[in-house]
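**Student:** Quick one: sequence plus predicted model below, questions after.
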Amino acid sequence: MARKRIGILTGGGDVPGLNSVIKSVTYRARDNQVDVIGLRRGWEALTHLNVEDPASTARYVLPLDKENTRTIDRHGGTMLHSSRTNPSKMQKLPAHLAGKDFPTAITRKGDVETRTFDVTGQVLANLSALGIEHLIAIGGDDTLSYAAKLNAVGVKVLAIPKTMDNDVRNTEYCIGFSTAITRAIDAIQRQRTTVGSHERIGIFRVFGRDAGFTALYTAFVTSIRCLIPEYRPPLDRVIDLVITDKRDNPSNYSLIVLSEGAEWEGYHVQEYGEADAFGHRKKASVAESLSDEIKARTGEETIVSDLTYDLRSGDPDFIDKLVALTFGTMAFDAMLEGKSGLMSALVDGKYDLVPIPDPKLGPRKVDLGSMYNTERLRPSYAAKRGLPIFLNHA
């Protein structure tokens, strides 16, 4: 009897804990006589793979076993590497697919017209050629949006949520979030000595394009103010609060942390560069913009720190290792049961399997009413009895 074969991939930005998922799935698979194929560079593995070219196969396909995954959980990042590839909206076809007939779409933004290809047919062909019967996709809302599409066309797919933004729907926790907050706490507490020594205002920027969980929870545990994308306060109030904090502090300094997508009334974060495969452009630093406004209006000096990539780097903490290992084994159990279209999750503080989120709904957002004090620009600390450990519901 032929052994069952499954595939696993990581897409989007890296976070600590991904290797723990890969190892847990591989070890469980080997103990259950299941072969695991690591698909390298995320969805690019299934769009760019040319199964007739040995060099292409070597670049994108890595059989996994206990030996080559034995120590990977000790480190951050992903041993399978990653990419921001969207097979349903590819602007350029790989050379071996040039000239082939794929569905196309035309989008317009201003005077710019963009043609994209949907190469889902090639993805299905490559999965078939590799003999992959079940696919485990690890990623954020962008990566999992394509997993949902594959499930809709009949591919057996299971998902595992990862993002330091913690904004995937249907779950209270995403792999990478705890380590990101731990890193942010450490960076901010260290920089208190410098900001305080120079009697300045410390402004910290963290990731959070559409949702403010990373900034909010960092502010929660460091007892500082924060700006998040879900609320746009008047600039005068922002400046008045940080100046008042500075004046009232015996050490004559204050701190504030901003999501990269945070804005205030009359200000919109500027974007630059080409859009990635999911339509996202890089955001100019809102922290620098706030610094300029504070200097212009008050003359106060600031220190700006961009913590973004530092928070997703390095080894995972205990929580991310624990959740990653558990999410991986849950996905594997679901695979053994023949299930599809489900995602490992935490719901009401308990591990569960939930539907892969509907891409049309977009990322999960901070609930302002229960989690953010819009007057004080701080997390809400009251009324937490009965909440799950991460203080929010899926």
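**Tutor:** Ah, there it is. Source: prediction; values computed, not measured.
**Student:** ok, and the closest non-adjacent residue to Tyr173?
**Tutor:** Of all residues not flanking Tyr173 in the chain, Leu346 sits nearest, at 4.4 Å (CB to CB, 6 or more residues apart in numbering). Quick note: C-beta positions are derived from backbone N, CA and C, even for glycine.
**Student:** How about whichever strand or helix holds that neighbour, which residues are buried there?
**Tutor:** If you go by DSSP states H and E, Leu346 is part of strand 342-347. If you call a residue buried by 16 or more other CB atoms under 10 Å, then strand 342-347 has these buried ones: 342-347.
**Student:** Kindly report the same for stretch 377-391.
**Tutor:** Per 16+ other CB under 10 Å, stretch 377-391 contains these buried residues: 377-380, 390-391.
**Student:** low pLDDT regions in the stretch 1-150 of the chain?
**Tutor:** Within the stretch 1-150 of the chain, the ranges that satisfy pLDDT under 70 run 1.
**Student:** so where do the helices sit in the stretch 151-300 of the chain?
**Tutor:** 177-197, 213-222, 235-248, 286-298 (DSSP state H, counting those that start in this stretch).
**Student:** Out of these, which one sits most buried?
**Tutor:** helix 213-222 (a mean of 25; mean count of other CB atoms under 10 Å).
**Student:** Let's test this: mean pLDDT of that one, rounded?
**Tutor:** On average, the pLDDT along helix 213-222 is 98.
**Student:** What segments of the stretch 251-394 of the chain are strands?
**Tutor:** Using DSSP state E, counting those that start in this stretch, the strands of the stretch 251-394 of the chain run over 254-259, 271-272, 282-283, 302-306, 342-347, 350-355, 372-373, 378-379.
**Student:** Out of these, which gets the lowest mean score?
**Tutor:** strand 271-272 (a mean of 64).
**Student:** Extract the C-alpha trace of stretch 352-360 and format it as CSV.
**Tutor:** Coordinates of the C-alpha atoms in stretch 352-360 are reproduced here as CSV (Å, rounded to 0.1, in the frame of the first residue of the first chain):
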residue,chain,number,x,y,z
ASP,A,352,-9.9,24.2,18.6
LEU,A,353,-10.3,23.7,14.8
VAL,A,354,-12.2,26.5,13.1
PRO,A,355,-13.0,27.3,9.4
ILE,A,356,-10.2,29.0,7.4
PRO,A,357,-11.3,32.7,7.5
ASP,A,358,-13.3,34.2,4.7
PRO,A,359,-10.8,36.4,2.8
LYS,A,360,-13.5,38.9,2.0
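**Student:** Just the buried residues of that stretch, please?
**Tutor:** Buried-residue list, stretch 352-360, by 16+ other CB under 10 Å: 353-354, 356-357.
**Student:** what's the distance between that stretch and the middle of its chain?
**Tutor:** 15 Å (CA atoms, centre = their mean, to the nearest Å).
**Student:** what do you get for stretch 90-98?
**Tutor:** From the chain centre to the centre of stretch 90-98 is a distance of 27 Å (CA atoms, centre = their mean).
**Student:** pretty sure Ile37 contacts Thr57?
**Tutor:** No: contact status for Ile37 versus Thr57: not in contact, 10.7 Å apart, counting by CB atoms under 8 Å.
**Student:** Settle it for me: which of the two has more neighbours?
**Tutor:** Just comparing Ile37 and Thr57: by other CB atoms under 10 Å the higher neighbour count belongs to Ile37, 21 against 15.
**Student:** With just CA atoms, put the one helix or strand the more buried one maps to into CSV.
**Tutor:** Using DSSP H and E, Ile37 sits in strand 34-39. Below are the C-alpha coordinates for strand 34-39, written out as CSV (Å, rounded to 0.1, in the frame of the first residue of the first chain):
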residue,chain,number,x,y,z
VAL,A,34,3.2,9.5,6.3
ASP,A,35,5.7,11.3,4.0
VAL,A,36,6.1,15.0,4.3
ILE,A,37,7.2,17.3,1.4
GLY,A,38,8.5,20.7,2.4
LEU,A,39,7.5,23.3,-0.2
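**Student:** ok, and for that strand, which residues are buried?
**Tutor:** Per 16+ other CB under 10 Å, strand 34-39 contains these buried residues: 34-39.
**Student:** Spatially nearest residue to the residue most central in space within the chain, not counting backbone neighbours?
**Tutor:** In the chain, the residue lying closest to the centroid (CA atoms, centre = their mean) is Thr163, at 2.4 Å. Nearest residue to Thr163, sequence neighbours excluded (CB to CB, 6+ apart): Gly140, at 3.7 Å.
**Student:** if I pick that neighbour, what's in contact with it?
**Tutor:** 11-13, 161-163, 165, 167-168, 174 (CB atoms under 8 Å, 6 or more residues apart in numbering).
**Student:** quick one: it and Ala211, what's the gap?
**Tutor:** Distance check for Gly140 against Ala211: by CB to CB, to the nearest Å, it reads 11 Å.
**Student:** who touches both of those two?
**Tutor:** With CB under 8 Å, 6+ apart, Gly140 and Ala211 have common neighbours 165, 167.
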